[in-house]
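> Give me a model of this one.
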Amino acid sequence: MESKPTFFFFFSILHILSLAVASDHNSTTQLLDVLLQDRAFRAAQHRPMTGELFNISLPSILAGVRVSVVRLRSNTLWREGANFCDFVIPRRTLPFPYVRRILISFQDFGNRSSEFFKLNLTDFMLVSSVVSLRTYDATNFSNGPTKVGLDTMTQKIMVRLSGFKVSEDNNKKIKCAKFGSKGNIDLSDVGSGRECYGDGKDGYFCLVVPSKGTVDSGLWVVVGLVIGFAGLLLFGFCGLMVVWIVKVKKIHEMEKEADDGLVLRTVWIGGSKMPSAVNIRTHPILENAP
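Predicted structure coming up:
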């Protein structure tokens, strides 16, 4: 009897989702969260076994997206931690607020990742699928889905991201990206095995590299220093040229004044041509003259 309401529920959700994908990133992730949360809880009600990981079916419009869920006791999580679907939750982790059982939903958006999250990556491009981890209170399913967090006691949840190829140049530029619930993105360095690390808060994880046309900030600094140094050299050269031109001009003016003030004729003395004054300004006085 509930198949018909379920059909209309998903039809409405997916219709709004298709509009949100073309408009707003936050609306898209929120609607995805509601849809996948509902599917996870419906599937878990029919598979109540604790500690068993199983996949859930999704509508065809979400083909390429994979969701797996597992139900765990909180004391088991505290003693042993959890290692499912490339997520490693450390030991001594507890849900907050505390509940006796939790439902963990692992989401992998696969080849649909760039479709749902492209609006938040203006300067970077995805090189891995986007994955996410969600935790809910599973003590009593009749109360409906209630989100809980994970207190890892200052430890980190490890997210292994693999199965992708990048060029050798981009291999050194890979960053771990975490999408927050408000649409913000935080970048961090990846681990030695290309893994990301996060806390117990909601978020989406993926690996990214700078998109084409995006220049690293360090390169901009180098380019700026080179341009500044070249400009300084050009300014100094221009200054020297101005000083040289002024000096040459002054010498020419002095030579011209000297040429205009005194006209000398030339005479030949022996085999040499020598300048000779026409008049003598100071006449010689002979000492023995009467």
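
> In space, what's closest to F109 - neighbours in sequence excluded?
Closest residue to F109 apart from its sequence neighbours, by CB to CB, 6 or more residues apart in numbering: V130 at 4.5 Å. Yep, even glycine has a C-beta here, placed from its N, CA and C like the rest.

> now the one you found: how far from A63?
16 Å (CB to CB, to the nearest Å).

> who has more neighbours, those two?
A side-by-side neighbour count of V130 and A63, using other CB atoms under 10 Å, places V130 first with 23 against 10.

> if I look at the more buried one, how far off is D86?
12 Å.

> Could you list the domains of this structure?
Split into domains by automatic domain parsing, the chain comes to 3-213, 218-276.

> The last one - what's its average pLDDT?
Spelled out, it's domain 218-276. The average pLDDT within domain 218-276 is 70.

> now swap in stretch 144-155 and tell me
The model assigns stretch 144-155 a mean pLDDT of 89.

> would you list every one of the strands in the stretch 101-250 of the chain?
Along the stretch 101-250 of the chain, the segments classed as strands by DSSP state E, counting those that start in this stretch run 101-108, 124-126, 131-137, 149-151, 157-160, 175-179, 185-189, 195-198, 204-210.

> Count the residues that sit near S60.
S60 is flanked by 7 other residues according to other CB under 10 Å.

> any idea how far S114 is from it?
In this view, S60 and S114 are 19 Å apart by CB to CB.

> Report the separation between the nearest residue to G193 once chain neighbours are set aside and R39.
Leaving out its chain neighbours, the residue that sits closest to G193 by CB to CB, 6+ apart is R160, at 6.9 Å. Note on R160: its distance to R39, by CB to CB, is 24 Å.

> What of T135?
According to CB to CB, T135 stands 16 Å off from R39.

> Kindly report the same for E115.
19 Å.

> Kindly report the same for P210.
Distance of P210 to R39, given as CB to CB: 35 Å.

> Would you mind telling me which of the two has more residues around it?
Taking other CB under 10 Å, P210 and R39 do not tie; R39 has more neighbours (19 against 15).

> so what's the closest residue to E52 other than its chain neighbours bridging to?
Take E52 and drop its neighbours on the chain: the residue closest to it by CB to CB, 6+ apart is V70, 6.7 Å away. Applying DSSP bridges to V70 yields these beta-bridge partners: I104.

> How about the contacts made by V70?
Taking CB atoms under 8 Å, 6 or more residues apart in numbering, we find V70 in contact with G51, E52, L53, F54, A82, F84, L103, I104, F106.

> rerun that using 7 Å as the cut-off
Counting by CB atoms under 7 Å, 6 or more residues apart in numbering, V70 makes contact with G51, E52, L53, F84, I104.

> Of those - the most surrounded one?
Ranked by neighbour count (other CB under 10 Å), the contacts of V70 have I104 at the top, with 24 neighbours.

> distance of W244 from E253?
Taken as CB to CB, the span from W244 to E253 is 15 Å.

> Neighbours of the closest residue in space to F164 that isn't next to it in sequence, how many?
Spatially, and ignoring its direct neighbours in sequence, F164 is nearest to S128 (4.8 Å; CB to CB, 6+ apart). Residues within reach of S128, counting by other CB under 10 Å, total 20.
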